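K.L.:
have a look; sequence and predicted model below, questions after that.
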Amino acid sequence: MRALLLAGSQSTRMWPLVETRPKPLLSIGGKPIIQWMIEDLKAAGIRNIVVSIGYLGEQISDFLGRGHGLGVKIDYVTQEEERGVAESILIAKEEFEDDESFLVANADILAGPKIIRRALSHYKDLAAEAVVSLTLTNTPQFYGIAEIDERARIRRVVEKPQPGEIQSRYAVAGIYVFRPTIFEQLRKSGDLTKTIQKLIDEEDKVYGSVWEREWVEVSYPWDLVQANRFVLDKQLKGKGSFIAESADIQQPSRIEGSVHIGDGVVVRPHTTIRGPVYIGPNTYIGNNSLIREYTSLGANVIVGFGCEIKESIIYDSTKIGRLSFVGDSIVGQNVDIGAGVQLVNHPLAGKTITSTISGQTEIVPRKKFGGVIGDDTILSPNVSVFPGVKIGTSSIVLPGTVLDEDVPSRTEARLHQKVDLRPLD
């Protein structure tokens, strides 16, 4: 069986990270999301993949090529204008119309190869018209939700239901097995959820493949933090550490738990690294720093003296000045963070964390979540960024500023203050 990998959406909910790259190329644990997914497809026995690209698609095709480096064969179909998931499947009609069946997967899913194998097995064993992977969720408002019967047949699907609209916690997990007849249904309805519901109503052989283990769909910035945790557990937990021979871990320093430390990394004395942690090549960590669990540092990152970084993703060539704190945050590429900057990850007592996503205020489903900083931005010394705040690409935040709202791209943010002077008696 072949697979169609959907990687064409602009994903505006991931602003500002997607201003400079498509979402599937956001890295976690040293690899882009789409590479993790392709490796899972390969492990599940699928080596012939068609990637549906659109927004900044050339970056994806340049990175993946024809798949030889990953041990798979990759072809591409291109969506010239973004018109939703249905269109991103329809443009692959000529590729799959002669196949008996094919697998469709979102390029922003992390779950491992077993969820794919299970969907393929259910499709074959149940002689299904279609199979939809499902997973349990505590936040049904963020996903498509399915109701199933005792035989795992899907009875109803609803996209991002309102409270009380559907009594189910089974989220559509972004992996499907279809027959080519799906193309004509999609052409008529123009909507994937409506098409699946029509198949349910007409065929009665649309089954849910229930996955009860961990699964992450990267739809919102905070999902990237959870995806990073998933990947580091998969890559490191219980598998020991990798420390490159060329890494320079200067004593006394302390490494706890499993870590991946790449070539040319320098760790200065009195630093503690608590795994699972990924540190990319040629990164420098200054004296007396604390790198806490579930942190990924990219290549050529500089962490200054006395910094604390917790459960965060720091992309390539970013500098973090001395005595700074970065908590549960995502910091883009080539960001310059000055001394004493605080990316605060905990709300005031009794408050929930909110973030503005595509113009709407969303409650962040995490107890702790920090800031999201776009590429090429400068945070001057002693800046504080409140939880859930996002700063666009190529912006400058001047010294001492306290940010409790988003900063657009290519914008200067400054604190205005008045100093009162009075003579001393």
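P.N.:
That came in fine, so what should we check first? None of these values were measured; they are calculated from a predicted model.
K.L.:
what distance do you get for Glu202 to Arg153?
P.N.:
Distance of Glu202 to Arg153, given as CB to CB, to the nearest Å: 13 Å. C-beta: built from backbone N, CA, C; applies to glycine.
K.L.:
repeat for Phe96
P.N.:
Shown here: Phe96 relative to Arg153, a distance of 24 Å by CB to CB.
K.L.:
more crowded one of those two?
P.N.:
Neighbour count, other CB atoms under 10 Å: between Phe96 and Arg153, Phe96 has more, with 23 against 16.
K.L.:
was I right about the more buried one contacting Leu90?
P.N.:
No - contact criterion CB atoms under 8 Å: Phe96 and Leu90 do not qualify, at 10.5 Å.
K.L.:
quick one: common contacting residues for the two?
P.N.:
Phe183 (CB atoms under 8 Å, 6 or more residues apart in numbering).
K.L.:
so, low pLDDT: which residues of this structure?
P.N.:
163-166, 350 (pLDDT under 70).
K.L.:
give the contact list for the residue nearest the centre of it.
P.N.:
Geometric centre of the chain, nearest residue: Leu224, 3.3 Å, by CA atoms, centre = their mean. With contact set as CB under 8 Å, 6+ apart, Leu224 has these partners: Met14, Leu17, Leu26, Ile28, Val218, Ile313, Ile330.
K.L.:
OK, contacts around Glu39?
P.N.:
Leu70.
K.L.:
which element, helix or strand, includes it?
P.N.:
Per DSSP states H and E: Glu39 is located in helix 33-43.
K.L.:
now do whichever helix or strand comes after that helix: which elements does it pack against?
P.N.:
In the C-terminal direction, the helix or strand that comes right after helix 33-43 (DSSP H and E) is strand 48-53. If contacts are counted by 3 or more CB pairs under 8 Å, 6 or more residues apart in numbering; DSSP states H and E, strand 48-53 sits against strand 3-7, helix 33-43, helix 57-64, strand 73-78.
K.L.:
one step back: and the residue nearest to the centre of the chain, how far from Val385?
P.N.:
Counting by CB to CB, the gap from Leu224 to Val385 is 17 Å.
K.L.:
around Pro180, how many other residues sit close by?
P.N.:
Neighbours of Pro180 (other CB under 10 Å): 14.
K.L.:
run through the neighbouring helices and strands of the longest strand anywhere in the chain.
P.N.:
Determined from DSSP state E, the single longest strand within the chain is strand 170-178. Counting contacts by 3+ CB pairs under 8 Å, 6+ apart, strand 170-178 is packed against strand 102-106, strand 109-110, helix 113-125, strand 130-136, strand 144-148, strand 206-211.
K.L.:
Ile378 is nearest to which of these?
P.N.:
Proximity to Ile378 (CB to CB) singles out strand 109-110 among these, at 31.7 Å.
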